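J.: Mind looking at a prediction? Sequence and model below.
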Amino acid sequence: MSLKNYKETETNKVEMDIVISRDTFEDAINKVFKKVSKNISIPGFRKGKATRGLVEKFYGKQVFYEDAINDILPSEIDAAAKETPYKIAGMPEVTDIDFESEDGITAKVAFVRFPDVKVKAYKGLEVEKIVVKTEDSELDEELERTRERYARTIEVTDRAAKKDDTVDIDYEGFCDGKAFDGGKAEGHKLKLGSGTFIPGFEEQIEGKNIGEKFDVNVTFPTEYHADELAGKEAVFKCKLNAIEYEELPTLDDDFAKDASEFNTLDEYKADIKAKIEKRHDAEAEVRLAEALTKALTENVEAEIPEVLIDKEKENLVRDYDYQLRSQGLSLEMLMHSCSTPA
């Protein structure tokens, strides 16, 4: 390959003429022929047994040209661009390929280049690193989350249900005296006070005992997802089967030994605090880098090609989709939910 010439036709747009040697092109044709020859049929020959010369004579001299040039152009363009002062920013466009040139195979290539960047000032930029102070409440929250992970379930047999208990219930809902779809379940686990059921439902279970049958009277919200039930009164026939609750471990040295590699609660707390402070410092470093980048970009002059803006948009969308998928969601699901009528 040789770069014949190049020129910048307009801001950040470059045209170059390249020449591919006959030997390089011939090698590319041979590779294409070897790859596809087993599928070629020529009258009088078994499939895949015809020579390249016979194939070209039967189908035409240029039968392999397109595949061959497509195979070698990307590397040839890349090599030619490296001989220019520019770096390719977008997909090159190839025009005017001449297979019969005396010099070899010639092609005209146009591409968008990365822009020249001028930094008006970069020395002496000042930004403040702000490290968030670690509060006692953060330590308490972390300890509480750990306590919840080490909680044990206690079965209740000697009292009525109360808030924060998890109850096992059977229920069937009726509206205007008729059972409705989706309103029946057996052995359903429900944490009282969680707010996962219709407003007023969970509170009416509090005070009930195991084995007791009772009615729960509620009114569906006016914006309930099932239109046929929205705003209507309903009664649920319920039976309380079992009660249980989670008992959190006491914050003491024994807890520290179970939840960490430390022997005392004070050591465990000190470790948690140190990790929170380290996280705050890392977050401060990220914010500092962002602030420096912002300050620097305000001193930068450059004409950004549209192709680079489009690439950045694609990267942002791809990164966001990756974040969603890590949470069990996807961009397609989000777009669908946004386009679905309420």
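T.: Arrived safely. None of these values were measured; they are calculated from a predicted model.
J.: can you give me the strands in the stretch 101-250 of the chain?
T.: 105-112, 118-119, 152-156, 166-175, 178-191, 213-219, 233-247 (DSSP state E, counting those that start in this stretch).
J.: What is the subsequent helix or strand relative to the longest one?
T.: Once strand 233-247 ends, the next helix or strand along the chain (criterion: DSSP states H and E) is helix 253-259.
J.: ok, which stretches of this protein are helices?
T.: 22-36, 52-59, 65-81, 136-149, 253-259, 265-297, 306-326, 331-339 (DSSP state H).
J.: Reformat the strands of the stretch 101-250 of the chain as CSV; add distance to V55 and mean neighbour count.
T.: (C-beta placed from N, C-alpha, C; glycine too.) Formatted as CSV, the strands of the stretch 101-250 of the chain follow (distance: least, Cβ to Cβ, whole Å; neighbours: other Cβ atoms under 10 Å):
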stretch, distance to V55, mean neighbour count
strand 105-112, 20, 20
strand 118-119, 56, 10
strand 152-156, 76, 11
strand 166-175, 76, 18
strand 178-191, 67, 13
strand 213-219, 80, 14
strand 233-247, 77, 17
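J.: Adding distance to E306 and mean pLDDT as columns, could you present these in JSON lines?
T.: Below are the strands of the stretch 101-250 of the chain laid out as JSON lines (distance: least, Cβ to Cβ, whole Å; pLDDT from 0 to 100):
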{"stretch": "strand 105-112", "distance to E306": "8", "mean pLDDT": "94"}
{"stretch": "strand 118-119", "distance to E306": "20", "mean pLDDT": "78"}
{"stretch": "strand 152-156", "distance to E306": "60", "mean pLDDT": "95"}
{"stretch": "strand 166-175", "distance to E306": "57", "mean pLDDT": "96"}
{"stretch": "strand 178-191", "distance to E306": "51", "mean pLDDT": "94"}
{"stretch": "strand 213-219", "distance to E306": "56", "mean pLDDT": "96"}
{"stretch": "strand 233-247", "distance to E306": "57", "mean pLDDT": "96"}
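J.: how close does A259 get to A161?
T.: A259 sits 30 Å away from A161, going by Cβ to Cβ, to the nearest Å.
J.: out of those two, which sits in the more crowded spot?
T.: Just comparing A259 and A161: by other Cβ atoms under 10 Å the higher neighbour count belongs to A161, 25 against 18.
J.: residues touching the more buried one, list them.
T.: V167, L192, I205, E206, G207, K208, N209, L240, I243 (Cβ atoms under 8 Å, 6 or more residues apart in numbering).
J.: from those, which is closest to D103?
T.: Within the set of the contacts of A161, L192 lies nearest D103; the separation is 85.2 Å, counting by Cβ to Cβ.
J.: Quick one: residues contacting the closest one.
T.: Neighbouring residues of L192 by Cβ under 8 Å, 6+ apart: A161, K162, K163, D164, D165, T166, V167, E202, E203, I205, E206.
J.: What count of nearby residues applies to the closest residue to the third one other than its chain neighbours?
T.: Spatially, and ignoring its direct neighbours in sequence, K163 is nearest to G193 (4.3 Å; Cβ to Cβ, 6 or more residues apart in numbering). The tally of other residues near G193 (other Cβ under 10 Å) stands at 13.
J.: likewise the one 3 residues further on?
T.: Neighbourhood size, T196 [other Cβ under 10 Å]: 10.
J.: Point out where the chain drops to low pLDDT.
T.: Under the criterion pLDDT under 70, the flagged ranges of the chain are 1, 121-122, 333-342.
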